[in-house]
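**Student:** Sequence plus the predicted model coming up.
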Amino acid sequence: MKLFNPDQRKRSHKHKRVYARYELAYTFVDFGAAVSFVIGSVMFFFESWQTAGTWLFLIGSLLFAAKPTIRVARELHYLRIGDREDLAERYED
């Protein structure tokens with residue numbers, strides 16, 4: 001089983017469910033990062049809000065950094081689900 005194979009999500013019903021859950025998490029993180037940057041940008045227009053805006057930029061950056069982590073976690077979850085039938089076939093040859 002290759003990592004980051006786009007066909008992985010179609011292997012079984014369980015794979016589809018895993019894909020959907022991680023894609024939902026990815027979308028929420030992406031949305032949270034975007035909102036953090038937009039609100040942080042608006043806060044920079046007001047001197048009294050610049051510290052809070054800086055924190056929102058940091059939060060947005062951390063959320064963007066979490067995106068590849070979610071993708072790797074999904075791939076590791078696929079590996080944990082296993083593909084014993086293919087493994088057995090490979091070792092029979």
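**Tutor:** In hand now; what should we look at? Numbering: from 1, shown residues only.

**Student:** for the helix or strand harbouring Ala66, packing partners?
**Tutor:** Using DSSP states H and E, Ala66 maps to helix 50-81. On a contact count with 3 or more C-beta pairs under 8 Å, 6 or more residues apart in numbering; DSSP states H and E, helix 50-81 meets helix 13-43. Yep, even glycine has a C-beta here, placed from its N, CA and C like the rest.

**Student:** Can you give me the buried ones in the helix it packs on?
**Tutor:** For helix 13-43, burial by neighbour count (16 or more other C-beta atoms under 10 Å) applies to 15, 18-19, 22, 26, 29, 32-33, 36-37, 39-40, 43.

**Student:** That one vs helix 50-81, what angle?
**Tutor:** Going by axes from the mean of the first three to the mean of the last three C-alpha atoms, to 10 degrees, helix 13-43 is angled at 170 degrees with respect to helix 50-81.

**Student:** Quick one: list the elements packing against helix 13-43.
**Tutor:** Helix 13-43 packs on helix 50-81, going by 3+ C-beta pairs under 8 Å, 6+ apart.

**Student:** How far off centre is the helix it packs on?
**Tutor:** Centroid separation between helix 50-81 and its chain, computed with C-alpha atoms, centre = their mean, to the nearest Å, is 7 Å.
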